[in-house]
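K.L.:
Have a look; sequence and predicted model below, questions after that.
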Amino acid sequence: MSDYLVRAMAADAQIRAFAVTSRDLVEEARSRHDLSPVVTAALGRLMTGACLMGSMLKGEQDVLTLQVSGDGPVRGMTVTADAKGNVKGYAQAPQAMMPPNAQGKLDVGGVIGKGYLTVIKDMGMKDPYASKVELQTGEIADDLTYYFAASEQVPSCVALGILMERNNTVKQAGGFIIQLMPFAQEEVIQKLEEKISGLKPVTTLLEEGNTPEQILSLILGDMGLEIMEKTPVQFLCGCTKERVEKVLYSLKKEDIKEMIAEGRDVELHCHFCNTDYVFTVDELKKMI
């Protein structure tokens, strides 16, 4: 199992925790969309965060969507994830560039700019749940932490990290979310804060060879950490030519006839996996 996520509890269920290693799925996104290094870091963090949040969904058919819109060069990003560890996403400007920040690192906050984070949960009800919050830093982890506090009233610590190779491929990717339950005792809260304050960055921990379980153990190991579940995660779009064909069926018959009369093939593009589907004139005639 390469990329995978673990769910855990600690402190007699006063804490719930999620941790993931996501290098392969972020590299898949980088390769499919030909992302610049800073956009790889931005989209990679959002996809990793979506993985972690998707594992919180209760229904097998539930879908989580995270949308970031900003006034920075990347303009916006969209990611979806489910409870089974499948995630996909794209950036509006995949080749956007940005100089390094003051620390000499990839400036994710700068490439995103000021804007909003929208969280949409489709749980099979009449209307999906949607919440929109203002971006705090554009660094993604801070913004998700703020979302949990403002929209779900759940005290959370979100840490996400992407480390690039010199050849601009993905070297490390992963993150964790740790949340306090409403009945958490003060001594548990204080101990957790002390542990997190002294923790190394996620990418450093991954570079040192730590697994998701070991990362959670560094934080919660002496607080009764119990690993509940281990799930593989992957970049998966799920689109097929048959599914995309339904878009054409939604058109008026006159519009399809007009395409046939012009004698040109129709090309439909999937933003999530950057795949083009071509429908020939003969295929359009069969649809009629």
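P.N.:
That came through fine. Model, not experiment: these values are computed from the prediction.

K.L.:
Every contact and neighbour count from this point should use C-alpha atoms.
P.N.:
Will do.

K.L.:
you'd agree I219 is up against E193?
P.N.:
No. I219 is beyond contact range of E193, at 9.6 Å (criterion: CA atoms under 8 Å).

K.L.:
Which one's more surrounded, the two?
P.N.:
Neighbours were counted for I219 and for E193 using other CA atoms under 10 Å; I219 has more, 20 against 13.

K.L.:
now the helices for the chain?
P.N.:
Ranges of helices within the chain are 23-33, 37-54, 108-112, 141-151, 186-197, 202-207, 212-220, 241-249, 253-262, 281-287, based on DSSP state H.

K.L.:
most packed of these?
P.N.:
Neighbour counts (mean count of other CA atoms under 10 Å) averaged over each of these peak at helix 37-54, with a mean of 28.

K.L.:
Point out where this protein drops to low pLDDT.
P.N.:
Residue ranges of the chain with pLDDT under 70: 1.

K.L.:
tell me, what residue is most central in it?
P.N.:
Per CA atoms, centre = their mean, the C-alpha nearest to the average position across the chain is that of M47, at 1.8 Å.

K.L.:
Look up how far G175 lies from that one.
P.N.:
10 Å (CA to CA, to the nearest Å).

K.L.:
hang on, the earlier thing: skipping adjacent residues, who's closest to the residue nearest to the centre of the chain in space?
P.N.:
Leaving aside its chain neighbours, M47 sits nearest to V79 (6.1 Å; criterion: CA to CA, 6 or more residues apart in numbering).

K.L.:
Okay, the one you found and V108: tell me how far apart.
P.N.:
16 Å.

K.L.:
How about L284?
P.N.:
For L284 relative to V108 (CA to CA), the value is 44 Å.

K.L.:
same check, this time on L180
P.N.:
For L180 relative to V108 (CA to CA), the value is 28 Å.

K.L.:
Check G175 too.
P.N.:
Going from G175 to V108 by CA to CA gives 16 Å.
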